[in-house]
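Q: curious how this folds, go ahead:
(chains A, B, C, D and E)
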Amino acid sequence: MDGYKAKVGQPPGTLLHTGRKLTHEPIITIIEFNQANFNEKKPASCTECVPSQQTDMVRWIHVQGVHDIELIQSIGSNFGIHPLILEDIVHTHQNPKVELLSNSIFVILRAFEYDSEDKILVSEQLSFLLGENYLLSFQESEKPLFNQIKNRISNSLGRIRKDGSDYLAYSLFDLVTDHYFVILDEISERIEVLEDEVVEVPTNETLQEIHVLKRDIITLRRSIWPIRDISSRLLREGTSLIKETTQMYLRDLNDHVIQVNDLLETYRETLTEIMDIYLSSVSNRLNEVMKVLTVISTIFIPLTLIASIYGMNFRFMPELDIPWSYPLLLITMGFLGTTLAIYFRRKRWI
Amino acid sequence: MDGYKAKVGQPPGTLLHTGRKLTHEPIITIIEFNQANFNEKKPASCTECVPSQQTDMVRWIHVQGVHDIELIQSIGSNFGIHPLILEDIVHTHQNPKVELLSNSIFVILRAFEYDSEDKILVSEQLSFLLGENYLLSFQESEKPLFNQIKNRISNSLGRIRKDGSDYLAYSLFDLVTDHYFVILDEISERIEVLEDEVVEVPTNETLQEIHVLKRDIITLRRSIWPIRDISSRLLREGTSLIKETTQMYLRDLNDHVIQVNDLLETYRETLTEIMDIYLSSVSNRLNEVMKVLTVISTIFIPLTLIASIYGMNFRFMPELDIPWSYPLLLITMGFLGTTLAIYFRRKRWI
Amino acid sequence: MDGYKAKVGQPPGTLLHTGRKLTHEPIITIIEFNQANFNEKKPASCTECVPSQQTDMVRWIHVQGVHDIELIQSIGSNFGIHPLILEDIVHTHQNPKVELLSNSIFVILRAFEYDSEDKILVSEQLSFLLGENYLLSFQESEKPLFNQIKNRISNSLGRIRKDGSDYLAYSLFDLVTDHYFVILDEISERIEVLEDEVVEVPTNETLQEIHVLKRDIITLRRSIWPIRDISSRLLREGTSLIKETTQMYLRDLNDHVIQVNDLLETYRETLTEIMDIYLSSVSNRLNEVMKVLTVISTIFIPLTLIASIYGMNFRFMPELDIPWSYPLLLITMGFLGTTLAIYFRRKRWI
Amino acid sequence: MDGYKAKVGQPPGTLLHTGRKLTHEPIITIIEFNQANFNEKKPASCTECVPSQQTDMVRWIHVQGVHDIELIQSIGSNFGIHPLILEDIVHTHQNPKVELLSNSIFVILRAFEYDSEDKILVSEQLSFLLGENYLLSFQESEKPLFNQIKNRISNSLGRIRKDGSDYLAYSLFDLVTDHYFVILDEISERIEVLEDEVVEVPTNETLQEIHVLKRDIITLRRSIWPIRDISSRLLREGTSLIKETTQMYLRDLNDHVIQVNDLLETYRETLTEIMDIYLSSVSNRLNEVMKVLTVISTIFIPLTLIASIYGMNFRFMPELDIPWSYPLLLITMGFLGTTLAIYFRRKRWI
Amino acid sequence: MDGYKAKVGQPPGTLLHTGRKLTHEPIITIIEFNQANFNEKKPASCTECVPSQQTDMVRWIHVQGVHDIELIQSIGSNFGIHPLILEDIVHTHQNPKVELLSNSIFVILRAFEYDSEDKILVSEQLSFLLGENYLLSFQESEKPLFNQIKNRISNSLGRIRKDGSDYLAYSLFDLVTDHYFVILDEISERIEVLEDEVVEVPTNETLQEIHVLKRDIITLRRSIWPIRDISSRLLREGTSLIKETTQMYLRDLNDHVIQVNDLLETYRETLTEIMDIYLSSVSNRLNEVMKVLTVISTIFIPLTLIASIYGMNFRFMPELDIPWSYPLLLITMGFLGTTLAIYFRRKRWI
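A: Numbers count the residues shown, from 1 in each chain, chains lettered A, B, ... in the order given. Just a heads-up that it's a prediction; the model follows:
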C-alpha cells in the first residue's frame, strides 16, 4: 500500500502503479487458437493488442508486468476498457472480485507462492478480462505462472482447444486455485512440525513460527474468501459469456475454493490451539523450575540454620563438648534431609 | 493431500488418486434385488458393472478401493458419469457435498472410526451415485462398512426390499450417521476422564489429550457440518428420485446430523473450558509451591542471620560470656519461628 | 447416549430404549374432559389408549415411563403413529423439535430440575402428540410433573376446560418453561455467591463450581434454544390444530423462551468473566507471595553475608579487636535492614 | 426474578407481581390535551381511568407503581386489555418488546439510571399501551421520569400538543433513549479512569471495577438490543396508529438505539482489552519482583559461601595466616559483586 | 458525548451542539460551476446560501464549523431541511448513515487523521445533503479537507466539471475514503514496528502502543463499517439523483470501503496475536529469570551448608585436624558445583 498518499485526491481513474516497485520490461504474449490452429507471438510493443478479427478464434493476450502505465492504457483504449477497470489492474492491492460489465467480465484474483528460500509468502495480483472471443490476463511479475496452460493449448490436451474463451479463463482460475492447495500442503507440514516441537522443546523460535503461519493464514483467507463469491456470482448472474458446459467446471472450482477456506479455518483453529499448548507448556516448565528451587531451599536452608547455630561462639554451649554430639548431629541432619526429600518425592515434586 | 503438486496444471477431470497410498485389490460387490428376488455377486473385474435391464429391480454396485483408476473409469463410461464426478470419487479429500445431476444424484460423505489400538481418528471418503433403479457406492478401504445393510437386504429386514434405490441410499447414509454417535460416545467418555484428571493430577499428558480431542472435533465438525445442507437440499430441491415415503426418513436423518453437530459444539465448548481449568490448576499449583518456598525462607533466613551474628569473631561480644544467653537465644529463635509459622497458617499459606 | 453401539445398523424405526436404564412400572393416566364433564383413570395396561369417540371431548393420555417398548408400540398402532415418531419418543436423547404431521403435531421438549441434594442438573425428555381432540404426552420418570395441570382441569381453573387440546398442550409447554425460570433463579443465586467468593477467597472449589455451572448452562442452552423455533414454527405454519385464541398464548410462550435464552447467555458471559477474575486473583496472590519472599531475601541475605564475613577465621582482621566494632556493626545492620524495609514499603511491596 | 417458584403452574394471565417488593402507594396521573386545551388530574383511585369520550383529545394515563394488582386489573377491564398483556405489565422482568394488537400497540421498555451514591445501575420496566386517542404508561417506582414531557405538554413546547398519541408515545420513548446516552457518558468516564489506572497502579479494586462495568454493559445490552426491533417493526408493520409524520421521528429513534448499541459494543471491547492489559501489567510486575530477587540472590549467595568457607575451623588453612589475605578477600568479594551487578544492569534486570 | 445531560428531555429537533467546544468563526464557501463556468465566493454571512436559480449549474455550499446554530438554522430554512436532519448535522457524534429524503439524499461520514505530533487519531463528522443541482457539505473544524476537489473543479481536471452534483458528492466521499488508506498505512507501519519490538524487547510501552492501536481500530471500524451500507443502499434504492454514469464509481467506492474494512479486520487480528506473543514473551522471560535463580540457589546453598558444618565449634570433629582435609573439601565443593552446573547446562537451563 506504499505510495497511497500520492493517490489521495487524484481524480478516479488516474493510473498510478501503487504496488512493489518493479523494473523488469513487461512481457506480452499473444496466443490465438481454435480447434484446428494455434499460433503464439511475443511482440515487444503492443500494437497488435487488438480484438481478433476472426470470430471463431480465441485470442489470449497475457501481460507480465503492469507497472508500464502506457502499455496498460493502450490496451485499455484498444479494447474500450473503463478507466476504473484499468485503475484496478494497475493498483495491485485489490481484493479479489468480479465485475460484470456490459459485454465482458472482469475478475481479480491473487496468486500465492512460498518463496523457496526464506519460506516467506509472496503474492501477486492477477486480473482477467473475459470477452466473447478474447481473454486479457495481467500479472505483476515475470514468473511463468501459466506455462502449463500454454502447453495444454499448444499440445491440445483436454478440452481446452475445443472450448471457447470461458473455458480458457476457467482453466487459468483452476490453476491459481490448484496452487492454493500446494500452499496448504506446505502449511500443513509446518503445523505438524510445530505440534511436535511445542510439547517437546518450545522455544522463542516456535513462537515466531506460530506467529508467521497465523499471519500467512490471515493473509490467505482475506484473498481466498472472496473468490467464493466470484464463482457463485458468475454462475448465478451467468451472462451469455459463460457457456453451459463451462458452468459445471465453475461449480467444481467453487467447491475447491470452499474446501481451501475450510482447511484454512481448520489450520487457524489448530494454530490457536498450538499457541494455547505453548503457553501451557511454558507454565508447566516454570512450575518444574520452581519446584526444584523450593525443594532445594526447603531441604538445605533449615540444615544451614542448624550448622550456623553450632558455629556460634557462646562460651557455654554444653553440646559442643560431648564427643558423640558431632556425629549425632550429622546423622540427624542427614535424616532430616532424607525425610524431606522423601516427602517431596511423595508429592511428586521431584 | 499428498501428491497435490503432481495435480497442479493437469486438465480438470484428469483422474489421479490423491489420498493415502492403497495397494489392496479393489473389491466389487453387485447386489440386485426387488421385493421377491435377491442375488449377490463379487466379480473380479467390472465387465458386469452396467445399469440393470430390469426396471423393477434395484442394482447396488459397491466398490471398496478407489485407487484403481481404470476400474473407476470403466464404471464411469458404463454409467455415463461426468469426468469431474469421477475426479471427485478418486480425489479422496473432498468435503461432503451433494450434486443434483440431470438424472442422478451424487453425494460425498465421510465415515469416521476410532482406531481401536492407537485411539486415532481414521476416516475415509464415501461417494454415492443414486440413479432411478441403481446405486453406485465407493469407499477407499476394504473395511466391510455396509455389511449390516447387505444382511438387511438378504434377510429382507424392515422396508429395505420394499422400497427403491432412494431408501437404500438413505439406509447407507443413516448407517454412516449412526457411526458418528459411536464416535461421540467415545469422545464423551474421554472428556469425562479428562474432567476428573484436570482437577486432580493435571500433567502434560492431560494437555496432549485435550489437544488431540480438540483436533478430532475440529476434523469431525468440518466433515459433518456440510451434511446438514445435503439432506435439506435433497428435501428442498427434491428431484423425482427421492420418493415421498423416503422424505420423512431424510428429515429424520437431518435431525440426527443437527444433533451430532450440537453435541460436537457442546464438546468443543467443554474442552475449551477444561483447558481453562487446566491452566488455572497449573497456576494454583505454582501458587502452592511458591507459598512453601516463601514460608520456609521467611522463617529460616532471619534465624540464620541471628546464628551467624553470634558466630562472628569479635573479641568484645559481652553476650557470649553470659551462661544463659545460649539457651535464651535458642528459645527466642524457637519463639520467632513458631510465631511466623502461626502467622502463615492464619494467612492459610500452610 | 449409552447403548448407541447396539443401535448402529438397525433398520430405522426399530424401537430400542437408549436412555438411562429405568425399571419402574410405567404409569398411564387417561383424562377426558369438556366444559361440563371430567373423568380420570389410571389403567394398568393400555387397552383403553384409543382416540376418544366423542368429538366434543378432549382425551389426554399421559405416560410416565417410555422404556416399556410394547406399551409405546401398542399406543402407536392405536393412534396410527409413524415408526420414526415412536423411535423419537423412545430414544430419549433427542433435541427439542416440532414435526408437523398430516393430522397431528409432534413436539419434543426437555424438562430440567436441580436435584435437591447434590445440586446436579437432571433432565428428562417429554414428547407430545397433539391431535384434533386428543393429546398424548410421554415422560421418562415417575415424577408427577403435570399434577398442577391436572388440578386445574379437575377444578376447572382458568380457561383450560373451556378450550381444546391445543390450549391443554400449550399449558403443559408453559409449565415446562416456567420450570426453566426456577432453574435460572438457582443459577443466578449460585453466581452471586461465586462473585463474592472469587474476589475474597478463590479456591479450587470455586473453580469447580464455575465449571459445573458453565456446563449446566451449555446443556440448558442446547435444549432450550430450539424451543424458540418450535413456537415460531407453530405460529407460522399454524395448522388448523392451533386455534386463533391459543396463538396469543403461544406468542407469549415464545417471549418467555427468548427471555430464558437471553438470561442464559447473560449468565454464561458473567461466568466467563468470573473465570477471568479468578485467574487474575490467583495471579495477584502469586504476586503478593513473591513480594514477601523478595523482601525477606533482599533484607536478610546481605546481612547474613556481613555476619559471615566477621565469622571468618583470618588471623589478621583488625576490626575484630576494636571494642566498639561489634555494637557499631549491629547498628549498621539494623540501619541497613530498616532502610530496605522503608524502601519496599514506599514501593508498596509490603 | 424472585418469587418465580410461586408462579410455576399458575394459569397464564394470573397477575402476580414478581419484581422488587414495593410498598409505595401507586400514583395515577391523567392528562388530557389537544392543541387548545390541557388539564391534569391526580386521582386517588382509578374510577376515571376510562377511554376519553372526546375523540379529538389525547388522554394520557400514567401509573407509577404496578404492584397494586387490583388497580391494574380495573384499568385492564376499562380498556379491554388481554390478561397476558396485564401479566406482562405486572411481571417486571420482561425483555423489551412490541406487540401489535388489533386496535392498540403494546410496548415494553426498560429505563436505567446510575444510583448517584453507590454507582449501582438500577432499572425499572416501563410498559406503554398506545391506542387511537389514548396512551397508558406504567412504571414501577415513584420516580418522576416523565416530568419533562408533562412540562412540554402543559407549556405547549415543540410539536407535542399539535400531534396525537403516537407522537406522545414517541416522545416518551425518546426520553428513555436519551437517558441511555447519559448512562453511556458515565460508563465512558469510568473507562477513561480505568485506562489510566490499569497501567499505573493496577489493584484488586481495578479488577472489581472492570467486572462491575462489564456486568452493567451486559445488562444494558440485553435491554437495549431488542429496542432496535421495536422501532423497525413499528415502521415496517406500521399500523394506522403511527401517523406518517411520526415515522421520521421513529426512524431517528432507531438510529439512536443503534448508536447506543454500537457504543456499548465498543465499550465492551475496550473493557476486554483493559482486562488484558491488567493481566499483562500483573505479569510484568511479577517479572520485576522476580528480577530483584534473582539479582540479590545471585550476588550475595556465592559471596556468603566464600565467607562461610573461611569461617571453617580446619586446623590447616594456610590462607588464614597470611596478613593480606583478609583485605584481598574483601576486595575480591567487592569486585565479584560489582561485576555481577554490572552484568545484570547490562541485561536491564536492575 | 459531552453535554448530553443538557439534551435529555428537549423536544426532538432542538439544535444543541454536542461535540467538542469549537470557537472559530465558521467559514462558508460557495462554488458554482458547469462545464463552461466557475465561480467561488467566501461570504461572511449566509444570506446567499440559497438554491441556485440556474438549473444547469451545480451549486456547492461548504460550511466549515457547525457550532454556529443560527447559521445552520438559516441554511436549513433556505433549503427546507427537516429539523431532525439539522439536529444530525449539529450533533457531531452520529454514526455514518444515509437517509433518502423526498427530493434529496442526506449522508453522514466521518473523516479521520493522525495528529502529526501526538500520533492521536482525530476525527470529525461530515454531513452532506445532495439535491438535484446542489450539494451542501458540513464539517466541524477549519481544516481545508476538500481543497483538492476545489482545485479539480477550478482547473477542470477529470470528469468533475462535466458531471452533476452526484459526481461531486462521490468525489468528496472518495477523498474521505482515500484518507482511510493513509490511516491504514500509518497503522500498518506501526504494527510492523511492534512485531519486531514484541519479540526483542517487550516493555510496558509496547503494551500501551498495542492498546492504543487496538482502540483506534475499534473506533475506525465503528465509523467505516456502516459506509458499506451507504453505498450499497444508494445503488440499490438509487433515486433519480444518482445518474447511471456515477453508479460505476459508487460501486468502486464500495469496493474500497470493503477493502478498508478487511484490512482493519486483518490488523485487529494481527494485534490480538501480537498481544498473545507479548504475553508469551513475558512468560518466557520470567522463566529465564527463574532458571537463573534456581541454578544459583541449587549450586551454592548446599555448598554453604557444607562450609557451615565445618564452621561448627564442636570439640571433637576429627576431620578438622587432618592436614589434607581442607584442600580435599575445596576440591569436593568445586567438583560438586561443576557437576551441578554441567547438569543444568545439559537441561538447557543455563
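Q: for residue A:258, what are its contacts?
A: By C-beta atoms under 8 Å, 6 or more residues apart in numbering or on different chains, residue A:258 lies in contact with A:228, B:95. The way it works is simple: take the backbone N, C-alpha and C, and place the C-beta from them, glycine included.
Q: which element follows the helix or strand harbouring it toward the C-terminus?
A: Using DSSP states H and E, residue A:258 sits in helix A:244-309. Under the assignment DSSP H and E, the closest C-terminal helix or strand after helix A:244-309 is helix A:325-346.
Q: what angle do that next one and helix B:244-309 make?
A: 170 degrees (axes from the mean of the first three to the mean of the last three C-alpha atoms, to 10 degrees).
Q: any buried residues in helix A:325-346, and which?
A: For helix A:325-346, the neighbour count (16 or more other C-beta atoms under 10 Å in any protein chain shown) marks A:325-326, A:329, A:333, A:337, A:340, A:344 as buried.
Q: CSV for those, including distance to residue C:169 and pLDDT?
A: As requested, those are exported to CSV (distance: C-beta to C-beta, whole Å; pLDDT from 0 to 100):
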residue, distance to residue C:169, pLDDT
A:325, 91, 92
A:326, 92, 93
A:329, 86, 94
A:333, 81, 95
A:337, 76, 94
A:340, 70, 93
A:344, 65, 92
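Q: residues contacting the nearest residue to residue A:349 once chain neighbours are set aside?
A: Nearest residue to residue A:349, sequence neighbours excluded (C-beta to C-beta, 6 or more residues apart in numbering or on different chains): residue A:291, at 4.4 Å. Counting by C-beta under 8 Å, 6+ apart, residue A:291 makes contact with A:349-350, B:289.
Q: so which of those is the closest to chain C?
A: In terms of C-beta to the nearest C-beta, no member of the contacts of residue A:291 lies closer to chain C than residue B:289, at 9.8 Å.
Q: tell me how many other residues crowd the closest one.
A: 24 (other C-beta atoms under 10 Å in any protein chain shown).
Q: I'd like the distance between it and chain D.
A: Between residue B:289 and chain D the computed distance is 14 Å (C-beta to the nearest C-beta, to the nearest Å).
Q: so where's the stretch 1-150 of chain A uncertain?
A: A:1-7, A:16-22 (pLDDT under 70).
Q: which SS class is the closest residue to chain B within it?
A: Nearest residue of the stretch 1-150 of chain A to chain B (C-beta to the nearest C-beta) works out as residue A:148 at 3.2 Å. The three-state label given to residue A:148 by DSSP: H, G, I helix; E, B strand; the rest coil is helix.
Q: next, count neighbours for the closest residue to it other than its chain neighbours.
A: In space, residue A:148 comes closest to residue B:9 once its chain neighbours are excluded; the distance is 3.2 Å by C-beta to C-beta, 6+ apart. Residue B:9 is flanked by 19 other residues according to other C-beta under 10 Å.
Q: for residue A:350, same thing?
A: For residue A:350, the count of nearby residues is 14 (other C-beta under 10 Å).
Q: work out for me the element residue A:30 sits within.
A: Applying DSSP H and E, one finds residue A:30 within strand A:27-33.
Q: how does chain A divide up, domain by domain?
A: A:4-280, A:287-346 (automatic domain parsing).
Q: the ones you listed: which one's closest to residue B:100?
A: Nearest to residue B:100 among these is domain A:4-280; the distance by C-beta to C-beta comes to 10.7 Å.
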